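Student: model the following, please.
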Amino acid sequence: MAIAFVQKATNASAQPQLTGVAGSDFLTLSLFYILSGTGAATPTFTDSTTQLWNADNVPTPQGRSGDWVGVANFSLPNANAGTHTLTVSVTGSLVVGYAMAEWSGMPLTASLDQIGLTGGTTYTTQTMACTANATTAQASELAIVCMGIHTGSGASAAITDPPTGTGTWISLALDNTWQSSDFGYESAYQILSSTGRPSASWNWTGSTTDTYQSAMTTYGAASASKGGLMLSLMGVG
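Tutor: Numbers count the residues shown, from 1 in each chain. Model (predicted):
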């Protein structure tokens with residue numbers, strides 16, 4: 001069964017929500033967050049359905065005392081039908097943006113394959129790339145990538161959307177004027193058709209950029225052969 005995009009929801013809110021989810025579909029969540037506090041922390045959340053999500057790529061946010069920028073990727077296989085409302089929390093003052101999406105053609109169990117991440121605090125940086133750590137295990141996979149930056153410019157970040165890189169990325173979320181145009185974020189996906197190490201690259205404006213982070217996650221597709229075997233055992237076909 002081929003992977004297919006079903007729907008998405010994006011917003012700047014600590015309560016991501018996706019409605020009308022079909023039972024057994026696969027959900028993904030990319031979080032972009034700004035943390036004000038004395039130390040780095042990573043977010044957690046609860047789902048109104050009480051289902052537990054997989055924390056697939058949740059790196060320590062980038063920054064210094066008082067200002068941290070982070071991104072994270074989560075997934076939920078075999079989702080319950082209906083509405084999924086998430087409540088995000090983290091130690092410190094939190095500002096959140098998100099891209100939540102639904103997919104068909106995915107396994108009913110966890111299917112994380114590869115991750116990749118990059119980030120830093122190099123002053124005046126205006127470009128970033130993120131590549132999977134290793135070659136994907138199968139040709140048909142779903143790749144999700146996200147990034148967040150602190151430009152401090154007070155003007156549109158003009159982030160590359162969708163990112164460039166291997167294959168063709170499709171935009172999921174973009175905010176060039178997040179938090180009074182001092183921050184920005186972007187997320188994209190690609191349905192892969194061959195093995196390899198997917199890569200995404202962005203450029204943006206803002207000569208005072210001092211913190212930035214990106215994360216990539218790939219997930220294997222559902223196996224068509226398993227479905228065929230089950231039908232055969234049932235005497236169908």
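Student: buried residues in the strand or helix carrying I149?
Tutor: Assigned by DSSP states H and E, I149 belongs to strand 140-150. Going by neighbour count (16 or more other C-beta atoms under 10 Å), the buried part of strand 140-150 is S140, E141, L142, A143, I144, V145, C146, M147, G148, I149, H150. Glycine gets a C-beta too; all of them are placed from N, C-alpha and C.
Student: list just the nearest of the residues you listed to Q213.
Tutor: G148 (5.7 Å; C-beta to C-beta).
Student: look up how far D161 lies from the closest one.
Tutor: 13 Å (C-beta to C-beta, to the nearest Å).
Student: what touches both of these two?
Tutor: Residues touching both G148 and D161 by C-beta atoms under 8 Å, 6 or more residues apart in numbering: none at all.
Student: export stretch 155-166 as CSV, just CAs?
Tutor: In CSV, the C-alpha atoms belonging to stretch 155-166 read as follows (Å, rounded to 0.1, in the frame of the first residue of the first chain):
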residue,chain,number,x,y,z
ALA,A,155,11.6,41.5,9.7
SER,A,156,10.4,38.5,7.7
ALA,A,157,12.9,35.6,7.8
ALA,A,158,12.3,34.7,4.2
ILE,A,159,13.0,31.0,4.9
THR,A,160,13.4,28.8,1.8
ASP,A,161,10.0,27.0,1.5
PRO,A,162,10.0,24.2,0.6
PRO,A,163,13.6,23.4,1.3
THR,A,164,16.0,22.4,-1.4
GLY,A,165,18.1,19.2,-1.3
THR,A,166,17.5,15.6,-2.4
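Student: quick one: contacts of that stretch?
Tutor: Contacts of stretch 155-166 (C-beta under 8 Å, 6+ apart): 129, 145, 147, 149, 151, 168-171, 174, 176-177, 181, 183-186, 188, 196-206.
Student: from these, which land in helices?
Tutor: Mapping those onto helices (DSSP state H) picks out S181.
Student: just the buried subset of the contacts of stretch 155-166, please.
Tutor: Here, 16+ other C-beta under 10 Å leaves 145, 147, 149, 151, 169, 174, 176, 181, 183-186, 188, 198-202, 204, 206 buried among the contacts of stretch 155-166.
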